[in-house]
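Colleague: My questions concern the predicted model and sequence given below.
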Amino acid sequence: MQFDKHLYRRFSRRQLLQFTGLSGIGFALGSCGTSLYADKVRPIFEPLNQSIEELIFKAQTPVPEYPISAIEPNALLINTFDSTPVIDPNTFKLIINGAVNNPMQLSMNDIQSLPLISMVIRHICVEGWAAIVQWGGVRLYDLAKLVQPKAGARYVYFESADNYYESWDIASALHPQTLLAYQKNGQGISIDNGAPLRLASPIKLGYKQSKWITRVTFTNELLPRRGYWVDEGYEWFAGL
Ligand SMILES: Nc1nc2c(c(=O)[nH]1)N[C@H]1C(S)=C(S)[C@@H](COP(=O)(O)O)O[C@H]1N2
Ligand SMILES: [Mo]
C-alpha cells in the first residue's frame, strides 16, 4: 500500500499506524500483501464485517469497469424523492465523524486535493433502469485513512441535505471503487445528480448511492434508522 505525499504532509507515520493499531512491522508485512498477520488479529465472531486491519491491508478486488466508449450519456435518469437541495460549494464542509480518532470537516478544495479516481460503471435502479456512467471523485477509503476509524467501527452512515439517509457495511464503504463523486462523465456533477458530493459505487444498487452528502459517520452498531428506502422494506445490503 502506498500513501501519497499529501497524506504524509498532514499526518505523521505514527498517526497512520494508529489507524490500524498495528506495529511498523505488521504494517510492512501488510504492505507486501501478506495476510498472515491480519488472520491472527481478526476476531472469529464477525459474521458480516471484516476488521479494519483486514480492510486496510488486504485490498478488496475491484469489479471490472467499462471502457469510456460504453458511457451512455443520457441514460442516467434523475431519481429524487423529495425536493432538490441547493448547496453552496464554496462554503460547503463535509463532516466526517463518529467512531474515528480524528473527526474532520473538509471543504471541496480539501477533497479535490486528494487523488481523483475515475471509473466507468453501471448504475442500476430497482425501478427498472440502468445506465453506464463515468464517475470521478475521492475514494471513501482515502478519507477513512485521514479520519482513522476506530477498531470497533463496523458501519458508515451517510446523511444528505434532502433528509435522505443511508447506512453501509464498512467493507463495502471502504471498497476501492466506492467514491464520493464530484464529476459525472468528465464534468462537474449537476445539482440534480447530487452536487457537490454523492456516493458512486459498482457494488450497490442505486438507492444506496446517496446524493448531496453532508455528513459521513462511522458507527459500531446499526441504528434503528438504516436508510430512506430500507426503512420502507427495501433490502439493506443491496449488493450487486
Ligand atoms: N439524497 C438522495 N440520494 C439519492 C436519492 C434521493 O432521492 N435523494 N435517490 C436514489 C436513487 S433511488 C437512485 S436510482 C439514484 C439516482 O441518481 P441520479 O438521480 O443521479 O440518477 O440516487 C439515489 N440517491
Ligand atoms: Mo433508484
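Modeller: Alright, I've got the coordinates. Numbering: from 1, shown residues only. Ligands and ions are numbered 1, 2, ... in the order given.

Colleague: Quick check: residues of this structure near ligand 1?
Modeller: Selection of the chain residues close to ligand 1 by C-beta under 6 Å from any ligand atom yields 76-81, 125, 160, 162, 164, 193-194, 206-207, 209-212. From N, CA and C alone the C-beta is placed, and that goes for glycine too.

Colleague: Return only those of the residues you listed found close to ligand 2.
Modeller: Among the residues of the chain next to ligand 1, the residues within reach of ligand 2 (C-beta under 5 Å from the ion) are Asn79, Cys125, Gly206, Tyr207.

Colleague: Out of those residues, which is nearest to Val63?
Modeller: Val63 lies nearest to Gly206 out of those, by C-beta to C-beta, at 15.8 Å.

Colleague: Give the buried residues for the helix or strand harbouring Asn97.
Modeller: Using DSSP states H and E, Asn97 maps to strand 93-98. Neighbour counts over strand 93-98 (16 or more other C-beta atoms under 10 Å) mark Leu94, Ile96, Gly98 as buried.

Colleague: what does stretch 213-225 give?
Modeller: Ile213, Thr214, Arg215, Val216, Thr217, Phe218, Thr219.

Colleague: List the contacts of the third one.
Modeller: For Arg215, the set of contacting residues under the criterion of C-beta atoms under 8 Å, 6 or more residues apart in numbering consists of Leu94, Ile95, Ile96, Asn97, Tyr157, Phe158, Glu159.

Colleague: distance of the spatially most central residue of the chain from ligand 2?
Modeller: Ranked by distance to the mean C-alpha position of the chain (C-alpha atoms, centre = their mean), the top residue is Leu140 at 3.4 Å. Relative to ligand 2, Leu140 is positioned 20 Å away (C-beta to the ion, to the nearest Å).

Colleague: What distance do you get for that residue to Glu127?
Modeller: 25 Å (C-beta to C-beta, to the nearest Å).

Colleague: With Ala181 instead?
Modeller: From Ala181 over to Glu127 the distance is 21 Å, taken as C-beta to C-beta.

Colleague: same check, this time on Asn102
Modeller: Going from Asn102 to Glu127 by C-beta to C-beta gives 39 Å.

Colleague: Could you pull out the helices in this structure for me?
Modeller: Per DSSP state H, the chain carries helices over the ranges 5-10, 13-18, 24-31, 36-41, 52-57, 108-112, 140-147, 170-173.

Colleague: circling back: Asn102 and Glu127: which is more packed in?
Modeller: Between Asn102 and Glu127, Asn102 has the larger neighbour count (other C-beta atoms under 10 Å), namely 14 against 9.

Colleague: Phi, psi for that one please.
Modeller: phi -140, psi 70 (degrees, to the nearest 10).

Colleague: Which residues of this protein lie near ligand 2?
Modeller: By C-beta under 5 Å from the ion, the residues of the chain that approach ligand 2 are Asn79, Cys125, Gly206, Tyr207.

Colleague: Look at Gln187 and say how many residues are nearby.
Modeller: 9.
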